[in-house]
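>>> Quick one, fold the following:
(2 chains)
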Amino acid sequence: MSIMAMSKNILVIEDELDILKIIIFRLKKAGYKIMTAPGGQEALEILQETKPDLIVVDLVMPVVDGYEVCKRVRENKILKDIPILLLTASATTNMDEKVKFTKANDYLVKPFEPQDLLSKIKKLLRQE
Amino acid sequence: MLEKQSQEKNIFGRIMTLSYIAALAILVFLNFHGHFLLKNGIKTLETDARIINIAGRQRMLSQRIEHLTMHLILAAGDEKQVVGIRQELTDAINLMEESHHGLLNGAPKIGLPGNPSEEIKIFYFQEPDINRRVREFISNARVLLSLPLQEISLNNPYVSYILRTAHTDLLDALDKAVQQYEIESNRRIANLQILQKYLLVTRLFVLVLMALFIFRPLTHKAQNEINKTKAAEESLRQSRQALEALIRSSPLAIVTIDGEGKLTLWNPAAARIFGWAEAEVLGKFLPTVPKDKLEQFHTLRERVLKGNGFSGLEVQRQRKDGLLIDISLSTAPLYDVTGKVVGMMGIMDDITERKRLYNLLCESEARYRTLVEHVDIGISLVDKNYKIVMVNSFVAKMFGKQVSDFIGKDCFREFEKCDKICAHCPGTKAMAIKEPVEVETEGVLDDGSRFPVRIRAFPFIGPDAEVSGFIEVSEDITQRKYAEEALKMSEANLRLLLESIPDCVCKISITGKFISINTAGCYLRDLDKPEETIGAHFLDEVIENRQALEAAFKHVFKSGETASLQYKTLTKKGRQIWWDAKLAPVRDAKGEINSILRVSRDITAHKKAEEALKVSEEYFRSLIENMPDSVCRITFDGKIITVNKAGYLMEGFSKPQEALGYSRTDHAVENRAGLEEAIQRAANGETASVQYKSINTRAREIWWDATLVPLRDAKGNITSVLIVSKDITEQAAVQEQRKNIILGLRTIMAIADRLIIAADTDSLLKAAVEEARGKLHLERCAIFLEHNGYMQGTYGTDRKGQTTDERNHRFTKDTAWQKYTETMRAGEAQWFVVKEPYLEWDGTKNVRLDGEGWIAITPIRSAHKVLGVFVNDTAISKQPLEPSQQEILSVYSSLVGAIIERKRAVDLMEKSSQFNENLLQTIPFGMDLVDEEGIVLYANEKMKRVLGDDPTRKKCWVAYKDDKEQCAHCPLKNGVNIGETKILETSGAMGGKIVRITHTGTVYENKKAVLEIFEDITKEREAEQRLREALAVKSEFVSMVSHELRTPLTAIKEGIAIVADESAGTVNPEQKNFLEIAERNVQRLSRFINNVLDYQKLDSGRMEFYMKPGDINETVDEVRDDLLIQAEAKKLKLHLKLAEHLPQINFDKDKIIQVLTNLVYNAIKFTEAGAIEIATLKIDDAIRVSISDTGIGIKKEDMRRLFQDFTQLATGKERKTGSTGLGLTISRKLIIHHGGQIWAESEFGKGSTFYFTLPIK
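I've put the predicted structure just below:
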């Protein structure tokens, strides 16, 4: 889509493969470069080698969950400034607190609107 | 000095020479260099000209070649012509080649030496390919020459080259080059012109410098000589001018005379002083010398002419107007160049004025001295070393010495007998600050005695403005000091006096303001300090006699007399004080009244006493007047002098006057002797009392109890007797009655014991009646008690020994019966006369009784109410009851009432205690009574059953818990007040159960006790716990289900969206239609899940609220656009009617938006046409938001269920609109959480309005 988007690398971490596929579809369509991880563990491995421009991560995942990923990213000297967008299916608790707790930058509650996803990503990548 | 100068000059000269040479050298060099450049420039120009020339030639030749070529073509065929042309052409080409070569090779070698590249550059055309073109042209032309005739045509490439291409190109290039060279040459010519001028100038400079160098020393010398002469001339001229100016401008008269005595010089000052103008006197003899001084003058002249000048001689000279003036004269001889005396010069100064001033000074000094000597103050002059320079005679007098004794001595030794400069010395200070200083100190005489002295020291400033000492002016102030001291003393005494007198003394200004007040005044007026009242107006505090005080104040001011009066004030502590005040004028030194002295004495006590006396006299008089006893003054023979009201009324008179002269003794019928004796004793000064009986004027017999007192006049003589007599006639009768009553009461006391032990109410009543008849002599008595609205009579055995019964008592039901009920109601005893006949049961039959009979009815009362009546009829005796009997009857009635009440209470208690016992035993709670020690006093059956034991008389904690200690939270520890209830819940007691114990403070058997009720709430608690768990599971379940729904929903939603928006390929319209259906339903499902989650959060109290103050109108505005889109989608209008100036309220904006949108969406949903209106309004302490629609409305039967959980109204509608049925429930919960209300009003078919309020805090 835009030239700016082309250059941005986004790491999407989501254990629900259907959702992952949909997100990949949307983001690719918008011109972003996508890396995916079906779980926290895989994501951490990817992060050891590359530094994406943005991380989209589901909070609730088996084994290594989104909280752990956020914690590890924020503790890492190289990665700590990467913007993080949280995905969650739960709206039972206050998401603002979760964002604060994980030191993430924003969140999306499932089911989300595609334009919300794109606008939040744009905002986090300062492409607005 | 000179040497040095010359040396300097030499050095300077050398430097100058060197610089000359250097400059010259530079100029010469520049000149040569310029020449060189010029020459080069000219050569270049020549070359340029040649090149331009050659270029022109080439141009011309090429043109010729072209021309010949044309001819060649035209002459084709004519062999002869062709040969000629060819020859010409060959020549032209050769020429061109030659000139070209010449240009390249034959050019002269010019240019800057050592720079060959420059040289070459000059010879080439600047156009780089001109040479090439020329060469090409020449070679092409040669080819043309060698061509056979038939080939020479316009089509031949060589020909066309020569004619067209090369030719024009070459010409163009040549023209350009020439042009460029021309421009270049012009520039060069201009440069060369400048260079030429420059050369000319340098050359000139060189010439000048050389000339200067040669002529320099010569001119220098000559100039010097001329200069010297000129300088000498100049200085001479100048000094001459100065001298002349000096003489002319001098304020001193300067004259010269020659040897013969004729004037040769007469300056303007001389003219001014002496009056003769210069022209008048020059060449004449000196006119100023008066005739009598001529001789002296000549002597002087001769002396001067001999060479002896003198100066400062004071002589008299004459003015033109004949006036003699004093002159200070200085003279000197005048010499010519050879040194011979040729005349003399006189310098004169007019000193007349100076002399006059000097004389004046002398006079003034004399006067001053006289003044100083005769003045009555000591004046001494002291130098800055504190040595006395001068003293006047007064100083000497002060110290008893001679003036000469002081001079030259140290001032401190002489005046104060100190060894060093006194610390307080005013002189020191005066000298330091150069200002007069004043001190009061003491002078010390030789014999050591002291006297007070005031000293003013003035710094003595000499003509040089330096302080050279000081003048002391001393004043003996012994007298003044003494007067001051005396004044101080008297003032102190006065103050002491003022302070010590106990009255309030204050000074009041003319304007009525307090100026001062003494201590006593402060104290008396409740002031803490005088400042509180100073400045206040003296009338402010006055509350009585204010005008009089003001008048007195003014009077004192006007007349100067004193005044006295009384007034009353109110102090700040609220005390009212009466003052007796004296006002006196205070006069100032001039004798004018400037203030008033007010001395006030607190006479409040006195005033009070006076008032009290007045009151008491008044009181006493009225007391006597209104006394119920007879008070009269009688004579010694018993006649009335004065009498009070009771006195004359009792004697049977209607006015006091009638009683005057009435004899008390004469009307005494019993104990007259006693009365007479008492009067006699009183007349002798004793107080006596007596009882006697008299008959008054209305024939009433009166027993008197009289007290007699002697009355004395002012001298102490007994003049009359005061007799105070009390009518004791009735008293005597009452005493008899009282005896009876006491007897009766004693009987009643005896009866009471018997009555109390009666077994029941009936026997009690019977006994009461019997006793009354037997012992109290109330033969015909009966008791009627109120029972369920009827009066039931009770009789004992009558006096005939017959037993009567109330059922067959046929008492008249007319008058008497009414009286009973009347008495019952009023609760007061009454007695009356029955006049008509009535029936009486005599045991077998009714007996008719005729005639009058007295009936007394006395209420029988308990503490709270009238129980019945005690009736006593005296039909037989036909006489009313005696008062004593009435009294006894009353007491007896009360006694009977009390006993009846008690009896009834006991009955009731016995019954109720049985009921209580039954109750206690049957209630399903364990219950006991515990005393303050924790001992179980009572336990009910349930309790015993639960414990399987009787806990009575055991310690409660042992009985219930088998513990050694009292239970930790037992409320008994802190005690339970009677009537107070404390509730305790324990677990583990009574075999591990959860028990709620209610402790209530009560009284049991006259002791404080605690009633404990035990409830086994184990099951309740367990049920609660289970419910809680179930709710938690439900909550968790709902949360989990929702969560589990959301994730797949995301995938579905996004999947559909991707297909629908054709991101993944085109979709045909029919497919798109179905995708939209799917999308809509996913949206609905997603909303439903969100609502379920919201509901669940609200239900479990986990919804978080973020309350912030805000404007509700702003919130409505915020969602307006969104709502408008929704409304317009259904072609509905949306109106806003927002009230202005709404107060800020606390609310969670997101939640209120949720409510608002929910209500508006509902309105849109249920409205097919018309408008939706959102309105805000302030109502009391809340803001009301309303959402009105013109939709289908709500049926009445549905209104109730509107906000209930999971309620959906019309089922069909629900399908259509896709509502979850949770919206209103959630809205209600959100609003209630805000402390507001939500409700709806609707008319089915016409529309609905939903309201919610938010409180203003």
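
>>> for chain A, what's the longest helix?
helix A:17-29 (DSSP state H).

>>> Report all helices and strands that it contacts.
strand A:9-13, strand A:33-37, helix A:114-124, helix B:1018-1060 (3 or more C-beta pairs under 8 Å, 6 or more residues apart in numbering or on different chains; DSSP states H and E). Just so you know, the C-beta spots here come from the backbone N, C-alpha and C atoms, and that holds for glycine as well.

>>> Now do that helix: everything it contacts.
A:1, A:10, A:12, A:14, A:34, A:36, A:38, A:56, A:58, A:87, A:110, A:114, A:117-118, A:121, B:1047-1048, B:1050-1051, B:1054-1055, B:1058, B:1063-1064 (C-beta atoms under 8 Å, 6 or more residues apart in numbering or on different chains).

>>> And the buried ones among these, selectable in PyMOL?
In PyMOL syntax, the buried subset of the contacts of helix A:17-29 is picked out as below (16 or more other C-beta atoms under 10 Å in any protein chain shown):
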select buried, (chain A and resi 10+12+14+34+36+56+58+87+110+114+117+118+121) or (chain B and resi 1047+1050+1051+1054+1055+1058)
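
>>> Tell me where the stretch 51-200 of chain B has helices.
Using DSSP state H, counting those that start in this stretch, the helices of the stretch 51-200 of chain B run over residues B:79-105, B:116-123, B:130-146, B:157-160, B:166-249.

>>> Can you tell me which helix or strand of chain A has the lowest average pLDDT?
helix A:3-6 (a mean of 53; mean pLDDT, DSSP states H and E).

>>> Hmm, residue B:1130 is touching residue B:1163, no?
No - assessed by C-beta atoms under 8 Å, residue B:1130 is found out of contact with residue B:1163, at 10.4 Å.

>>> Span of stretch B:158-174 from start to end?
21 Å (C-alpha to C-alpha, to the nearest Å).

>>> mean confidence score for it?
With pLDDT averaged residue by residue, stretch B:158-174 scores 68.

>>> what does stretch B:538-555 give?
pLDDT averaged over stretch B:538-555 gives 85.

>>> Show the end-to-end separation of that stretch, please.
15 Å.

>>> What residues sit buried inside it?
B:538, B:541-542, B:545, B:549, B:552-553.

>>> right, and out of those residues, which lies closest to residue B:1171?
residue B:541 (78.1 Å; C-beta to C-beta).

>>> Let me know whether the closest one touches residue B:570 as I believe.
Yes - under the criterion of C-beta under 8 Å, residue B:541 makes contact with residue B:570 at 6.0 Å.

>>> where does chain B come near chain A, residue by residue?
B:1039, B:1042-1043, B:1046-1051, B:1053-1055, B:1057-1058, B:1063-1064, B:1082, B:1086, B:1090, B:1093, B:1096-1097, B:1102, B:1104 (C-beta under 8 Å from any C-beta of the partner chain).

>>> Kindly state the beta-bridge partners for the residue nearest the centre of chain A.
The centroid of chain A falls nearest to residue A:56 when counting by C-alpha atoms, centre = their mean (0.6 Å). Note on residue A:56: beta-bridge partners by DSSP bridges are residue A:12, residue A:85.

>>> my guess is it meets residue A:12, correct?
Yes - contact criterion C-beta under 8 Å: residue A:56 and residue A:12 qualify, at 4.6 Å.

>>> Just the strands from the stretch 801-950 of chain B, written as ranges.
B:830-834, B:838-841, B:846-849, B:853-861, B:866-873, B:926-931, B:936-939 (DSSP state E, counting those that start in this stretch).

>>> who are the neighbours of the last one, in terms of helices and strands?
Read that as strand B:936-939. strand B:926-931.

>>> quick one: strands adjacent to the strand it packs on?
Sheet pairing for strand B:926-931, using DSSP bridges, gives strand B:936-939 (antiparallel), strand B:1007-1016 (antiparallel).

>>> now the helices and strands packed on helix A:17-29 in JSON lines, with distance to residue B:595?
Output for the helices and strands packed on helix A:17-29, formatted as JSON lines (distance: least, C-beta to C-beta, whole Å):
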{"stretch": "strand A:9-13", "distance to residue B:595": "103"}
{"stretch": "strand A:33-37", "distance to residue B:595": "107"}
{"stretch": "helix A:114-124", "distance to residue B:595": "91"}
{"stretch": "helix B:1018-1060", "distance to residue B:595": "92"}
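
>>> Would you convert these into a markdown table that also reports distance to residue B:25 and mean pLDDT?
Below are the helices and strands packed on helix A:17-29 laid out as a markdown table (distance: least, C-beta to C-beta, whole Å; pLDDT from 0 to 100):
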| stretch | distance to residue B:25 | mean pLDDT |
| --- | --- | --- |
| strand A:9-13 | 82 | 92 |
| strand A:33-37 | 83 | 90 |
| helix A:114-124 | 84 | 87 |
| helix B:1018-1060 | 100 | 82 |
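
>>> Most tightly packed of those?
Burial of these is given as mean neighbour count (mean count of other C-beta atoms under 10 Å in any protein chain shown); strand A:9-13 ranks first at a mean of 23.
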